[in-house]
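S.K.: Turn this into a model:
(one chain, ligands or ions: 2)
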Amino acid sequence: MRIELLSPAEMGEADKRAIEAGPFDGIGLMHNAGAAIAREVLARYPAAGPVHVLCGPGNNGGDGYVVARLLAESGAAVSLWASGPPRAGSDAAIAAAECPLEPLPLADFSAAPGSIVVDALYGAGLSKPLDGEAARAVERVAGLGLPVVAVDLPSGISGDSGRATGPAFYAELTVTFARKKPGHLLMPGRGHCGEVVVADIGIGDAVIGGLQVRTFENGPALWLTALPVPDVDTHKYRRGHVGVFSGGPASTGAARLSALAAARSGAGAVTVLSPANALMVNAAHLTSIMLRKIDDTAELEAFLAERRPSALVLGPGFGVGEKARDFALAVLGAQGGVEGLVLDADGLTAFRQQPDLLFAAAAPKDGPALVLTPHDGEFARLFPDLATDEVLSKPERARKAAARCHGIVIAKGPDTVIAAPDGRAAINANGAPWLATAGSGDVLAGLVAGLLAQGMPAFEAACAAVWMHAEAGSHFGPGLIAEDLPLALVPVLRALIAEP
Ligand SMILES: NC(=O)C1=CN([C@@H]2O[C@H](COP(=O)(O)OP(=O)(O)OC[C@H]3O[C@@H](n4cnc5c(N)ncnc54)[C@H](O)[C@@H]3O)[C@@H](O)[C@H]2O)[C@@H](O)CC1
Ligand SMILES: [K+]
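M.R.: Ligands and ions are numbered 1, 2, ... in the order given. Reported below is the predicted structural model:
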C-alpha cells in the first residue's frame, strides 16, 4: 500500500530511519531527490527556456542546488537564486558546495517570459508565512505567469494542514518524496500543487511501514477487500435492509434519494419510513423500495423489532426537532441487529443544543455504529470549539470529533476527511465540483448506510461511500443532478467488483 500520507514530522522520521538503514546517507537521499526533479523538468519542458532555481536556506534549498547542477550538466540554461547560504555542516551545504553555479541574491530575482521556475525555497520545514524577498519572488513569478515546479511542496503551503498562512506559489507540478503529505490533498494546498508526482528516493516501504502512519489518501486500496460482494446463494435480507426516515409531505424527496442510493449500493431491501401524512406522496414515487408508516417511537421500535433493519439514515429532509432526537436515540439504543445509524443534515442540527446526548448514546461498544456526515456549518453546530480552533488541521479536527462522538465523522467539503475514533483518518482527493448540487449529500448518506447494512465496517464503509460518490459525480460530469447519482454509481461499482 502506498496510500499513507506522511506529516512533515513523520517524513523527517522516515528520512532519519532510512539513513540509519542505508544504503543512502542524507546527501545520498538529497541527490536522489534532486535527480528526480531534474528528470521531471527535462521530460516535461524539453524545449524550455532558461530555468530559474530558487533556493532557501534549508534542505529544500539543498534539493534545489542538486537540481541546478544536474540541469546545468545536461546543457540547460540555469540561473540560481538563493535567500542565503545553507547552514554550515548541513546536507544542503554539501549540495551547494557541489554546485558550480554562483548563486544570485533572491532579492534581485527577475526572469524573462518563457522561463521556468523551480521552487526550492521551503518544504517540510516551513515554520512561518513567507515574507520579504521570498514573498516578493512569489509575486513576481505570478506576475510573469511563469510555470513553477515545486520541490516537495509549493513554498508557503503547510505540509500538515494544506494552509497558506501568507503568500504561496501556484505550481504546475509538485514533485514530492516517498509519499504524499496531507498538505498535497487538503485545501487550499491541493489547488497550489498542480499535478503531484511522488518520487522514490530510496526510502523503503519497510521504513514507512514502521512509522505506524494513521493518515491515508482515500481510495480502493484502503477498503476494497471489505467491499461487500454477494455470495451466489445469498438472500435479499442477507444483503442488508436499510431504513430511511422521510420528512413530512413537502419534504420527502431527500429520503428517497438516500433510499435509492442505499439500494444501488447493493443493500437487499430498503424501506422508507414515513409519517402518515406523507405516505401517499412517498407511495406515488416508490416501486422496489418499501414503505412503512412511522409516526412515533413506539412504531419505530416495533419496526426495529419486526423487520430488523441493519442500517438507518436519519436527517435528509426530516426536520429539526425532538422527533429527530428521539428517533436517533431509539435507533442507537436498539438491542441487536442494527449495524449502524447515519446521521445527516437535520439529524445533525437536531442535536445542536445537546450534542452530548447523542455522543453518550453512541458510546457503548456493542451498540450500532454512528456515522455523522457534517458539512462545515453542521460540524460547527456539533463541535463549536473544534470548528473555531485555528491551530487544528482538518484531519485533526475530524479525528477529535470522531473520538468525542464515538463515531465515524465524514467532514464534507472539496477535501472531505473521514475519521474514526481510533485515530485513523482518510483524505479524499477524487472530489468533483459537479457534486456541489442539492441532494448530493442525501445520496452519500444512503450509500454509507447501504454499505453498513451489508456488514462493511463503519470506517471502511464511510471511506468507500465518499470515494464512490465522488467517482460517480466525476464520471457523470456536467449537468449532474442528485437524481443521476444513484444510477451513476453502477459503473463505479462494476469496475470495483471487477478488480482482481
Ligand atoms: N535528508 C533529508 O532530511 C532530506 C530532506 N529533503 C528536503 O528537505 C526538506 C526539508 O528540509 P528542512 O527541514 O531543512 O526545511 P526547509 O528547507 O523547508 O526549511 C528550512 C528552514 O527555514 C526556516 N523557515 C521556515 N519557514 C520560513 C519562512 N517562511 N521564512 C524564513 N525562514 C523559514 C526554518 O528554520 C526551517 O527549518 C524537504 O522539504 C525536502 O525538500 C530531501 O532532500 C530528501 C532528504
Ligand atoms: K518548495
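S.K.: who touches the residue lying closest to Ala77 once chain neighbours are set aside in this structure?
M.R.: Spatial nearest neighbour of Ala77, chain neighbours left out: Pro50 (4.3 Å); criterion: Cβ to Cβ, 6 or more residues apart in numbering. For glycine as for every other residue, the C-beta is placed from the backbone atoms N, C-alpha and C. Counting by Cβ atoms under 8 Å, 6 or more residues apart in numbering, Pro50 touches 76-79, 111-112, 114-116.
S.K.: and stretch 88-96, is it in reach of ligand 2?
M.R.: No - no part of stretch 88-96 sits near ligand 2 under the criterion Cβ under 5 Å from the ion; the closest distance found is 12.9 Å.
S.K.: which residues sit against that stretch?
M.R.: Stretch 88-96 is touched from outside by 26-27, 29-31, 34, 55, 57-59, 61-63, 65-66, 69, 82, 85-87, 103, with contacts defined as Cβ under 8 Å, 6+ apart.
S.K.: Return the members of the contacts of Pro50 classed as buried.
M.R.: Neighbour counting over the contacts of Pro50 (16 or more other Cβ atoms under 10 Å) leaves 76, 78-79, 111, 115-116 as the buried ones.
S.K.: Turn these into CSV, including distance to Glu40 and pLDDT.
M.R.: Formatted as CSV, the buried ones among the contacts of Pro50 follow (distance: Cβ to Cβ, whole Å; pLDDT from 0 to 100):
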residue, distance to Glu40, pLDDT
Ala76, 13, 94
Val78, 15, 97
Ser79, 19, 97
Ala111, 19, 96
Ser115, 17, 95
Ile116, 11, 97
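S.K.: show me where pLDDT drops low in the stretch 1-150 of the chain?
M.R.: Where the stretch 1-150 of the chain drops to pLDDT under 70, the residues are 1, 48.
S.K.: For it, which residues are neighbours of ligand 2?
M.R.: Within the stretch 1-150 of the chain, the positions adjacent to ligand 2 are 119, 123, 150 by Cβ under 5 Å from the ion.
S.K.: same thing but 6 Å
M.R.: 60, 119-123, 150 (Cβ under 6 Å from the ion).
S.K.: and of the residues you listed, the nearest to ligand 1?
M.R.: For these, the minimum distance to ligand 1 (Cβ to the nearest ligand atom) is 2.1 Å, reached by Gly123.
S.K.: Quick check: that closest one is in a helix.
M.R.: No - looking at Gly123 with DSSP: H, G, I helix; E, B strand; the rest coil, it is coil, so not inside a helix.
S.K.: Quick check: the gap between it and Ile37.
M.R.: 11 Å (Cβ to Cβ, to the nearest Å).
S.K.: Can you check which residues contact both of the two?
M.R.: Shared contacts of Gly123 and Ile37, counting by Cβ under 8 Å, 6+ apart, come down to 63, 151.
S.K.: quick one: secondary structure of Arg39?
M.R.: helix.
S.K.: Considering the buried ones among the contacts of Pro50, which is situated nearest to ligand 2?
M.R.: Ile116 (14.3 Å; Cβ to the ion).
S.K.: For that closest one, give its distance to Ala77.
M.R.: The spacing between Ile116 and Ala77, counted by Cβ to Cβ, is 10 Å.
S.K.: Overlap of the contact sets of the two?
M.R.: Counting by Cβ under 8 Å, 6+ apart, the residues touching both Ile116 and Ala77 are 49-51.
S.K.: What about those residues, which are in strands?
M.R.: Among the shared contacts of Ile116 and Ala77, the members falling in strands (DSSP state E) are Val51.
S.K.: from the shared contacts of Ile116 and Ala77, which is closest to ligand 1?
M.R.: Within those, the smallest distance to ligand 1 is 17.4 Å, found for Val51 (Cβ to the nearest ligand atom).
S.K.: For that closest one, the count of nearby residues, please.
M.R.: Residues contacting Val51 under the criterion other Cβ atoms under 10 Å number 24.
S.K.: and it, what is it in contact with?
M.R.: Going by Cβ under 8 Å, 6+ apart, the list of residues near Val51 reads 41, 45, 68, 71, 76-79, 115-118.
S.K.: What residues are bridge-paired with the residue nearest the centre of the chain?
M.R.: Geometric centre of the chain, nearest residue: Ile427, 1.9 Å, by Cα atoms, centre = their mean. Per DSSP bridges, the residues bridged to Ile427 are Glu217, Val417.
S.K.: Hmm, it is touching Leu185, no?
M.R.: Yes - counting by Cβ atoms under 8 Å, Ile427 touches Leu185, with 4.4 Å between them.
S.K.: list the residues that contact both of the two?
M.R.: Common neighbours of Ile427 and Leu185 (Cβ under 8 Å, 6+ apart) are 5, 217, 415.
S.K.: Would you check how far apart the closest residue to the first one other than its chain neighbours and Ile201 are?
M.R.: Closest residue to Leu5 apart from its sequence neighbours, by Cβ to Cβ, 6+ apart: Thr215 at 4.5 Å. Computed as Cβ to Cβ, the Thr215 to Ile201 distance reads 20 Å.
S.K.: quick one, which of these two is more surrounded?
M.R.: Thr215 (27 against 21).
S.K.: List phi and psi for that one.
M.R.: phi -120, psi 130 (degrees, to the nearest 10).
S.K.: how about the residues of the stretch 101-250 of the chain near ligand 1?
M.R.: 122-130, 151-152, 177, 201 (Cβ under 6 Å from any ligand atom).
S.K.: make it 5 Å
M.R.: Along the stretch 101-250 of the chain, the residues adjacent to ligand 1 under the rule Cβ under 5 Å from any ligand atom are 122-128, 130, 152.
S.K.: Show me the two of those residues that sit farthest apart.
M.R.: Lys128 and Asp152 (17.2 Å; Cβ to Cβ).
S.K.: Compare those two (neighbour count), which wins?
M.R.: Between Lys128 and Asp152, counted using other Cβ under 10 Å, Asp152 has the larger neighbour count: 29 against 8.
S.K.: What distance do you get for Ile27 to ligand 1?
M.R.: Here the criterion is Cβ to the nearest ligand atom, to the nearest Å. By it, Ile27 lies 8 Å from ligand 1.
S.K.: Now the helix or strand hosting Ala95: buried residues?
M.R.: Assigned by DSSP states H and E, Ala95 belongs to helix 91-98. Of all the residues in helix 91-98, those buried under the rule 16+ other Cβ under 10 Å are 91-96.
S.K.: just stretch 116-133 next, same as before
M.R.: Applying 16+ other Cβ under 10 Å to stretch 116-133 flags 116-124, 126, 130, 133 as buried.
S.K.: just the residues you listed now: which is nearest Glu10?
M.R.: Nearest to Glu10 out of the buried residues of stretch 116-133 is Ala124 (Cβ to Cβ; 9.9 Å).
S.K.: what residues are up against the closest one?
M.R.: Residues near Ala124 by Cβ under 8 Å, 6+ apart: 8, 11-12, 60, 152-153, 159, 181.
S.K.: If we use 7 Å, what do you get?
M.R.: Neighbouring residues of Ala124 by Cβ atoms under 7 Å, 6 or more residues apart in numbering: 8, 11-12, 152, 159.
S.K.: Going through those, which ones are buried?
M.R.: 8, 11, 152, 159.
S.K.: what's the spacing between the residue nearest to Leu5 and ligand 2?
M.R.: 21 Å (Cβ to the ion, to the nearest Å).
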